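Participant: Give me a 3D structure for the following:
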Amino acid sequence: MADKKEKTSVQATGSSEMRRSQEDEVAGDESSGIRTVETLLRLFPVGLCVAALVVMLKDSETNEYGSLSYSNITAFRFLVHANGICAGYSLLSAAFTAIPRPITMQRAWTFFLLDQVLTYLILAAGAVATEVAYLTYKGDLTVTWSEVCGTYGHFCRSAMASIIITFMVVICYVLLSLISSYRLFSKYDAPVGYHNKGIEIVDFGN
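Facilitator: Below is the predicted model of the structure:
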């Protein structure tokens, strides 16, 4: 009887260890897949940011009415700086993410905070530039801002192209923010009582 119990215990231990190893392997595959997707999402904005930056830097037009350049408009200069910062951060974070390493709480918090800051930065730059681009097309008589796109059509089209590319960057950063949020908050335990199957109902009437 003792031998049978020992064999049963050994088999149970072996099967539990096998299940744990299989679960670890599945978790490792899932982690590797998420890391690959995250790395690509961090690399993709690099090209977009550089494209938006270059298009805006080259955005200038001269005609018989004078010269107009992106440097004359503060919102467009802000867009250039924001894209430059995002391009640098995307490249560094992609290189850091591509290397397999344990995801510590400190690392999870760092990526979460930086992704949030960069998301709001590039969103703000795109939003402000969009508002100014709208004024260049439509003007605003209340503040005596006349539309200029009838005179500087090439300038306006290049500015809109840069803004559209910037909003593609915004989409990438929103997805990155979701991934870093999931990675951070999944490290915390569920609230006490969350796993309880029963629900206690309190009758305040009695």
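Participant: in stretch 168-177, what's buried?
Facilitator: The neighbour-count check on stretch 168-177 (16 or more other Cβ atoms under 10 Å) flags Val169, Val170, Cys172, Tyr173, Leu175, Leu176, Ser177 as buried. Where C-beta positions appear, they are placed from N, C-alpha and C, glycine not excepted.
Participant: so what's Val174 up against?
Facilitator: Going by Cβ atoms under 8 Å, 6 or more residues apart in numbering, Val174 touches Thr119.
Participant: Oops, could you answer that again for Tyr89 instead?
Facilitator: Applying Cβ under 8 Å, 6+ apart to Tyr89 gives the contacts Leu114, Leu118.
Participant: From Ile163, how far out is it?
Facilitator: Tyr89 sits 20 Å away from Ile163, taking Cβ to Cβ, to the nearest Å as the criterion.
Participant: Ok, Phe111 next?
Facilitator: Distance, Phe111 to Ile163, using Cβ to Cβ: 27 Å.
Participant: which intervals of the chain have sub-threshold pLDDT?
Facilitator: Along the chain, segments meeting pLDDT under 70 span 1-31, 139-146, 187-206.
Participant: Quick one: the helices in it, in order.
Facilitator: Using DSSP state H, the helices of the chain run over residues 2-57, 74-98, 105-138, 153-185.
Participant: Please identify which of the ones you listed is closest to Glu64.
Facilitator: For Glu64, the closest of the helices of the chain is helix 153-185, at 13.8 Å, according to Cβ to Cβ.
Participant: Leaving out chain neighbours, which residue sits closest to the spatially most central residue of the chain?
Facilitator: Most central residue of the chain, judged by C-alpha distance to the mean C-alpha position with Cα atoms, centre = their mean, is Tyr173 at 2.1 Å. Of all residues beyond its chain neighbours, the one nearest Tyr173 is Thr119 (4.2 Å), with distances taken as Cβ to Cβ, 6 or more residues apart in numbering.
Participant: what residues are up against the one you found?
Facilitator: Residues near Thr119 by Cβ under 8 Å, 6+ apart: Val170, Tyr173, Val174, Leu176, Ser177.
Participant: Could you verify my assumption that the second one touches Ile122?
Facilitator: Yes - in this structure Tyr173 lies within contact range of Ile122 using Cβ atoms under 8 Å: 6.0 Å.
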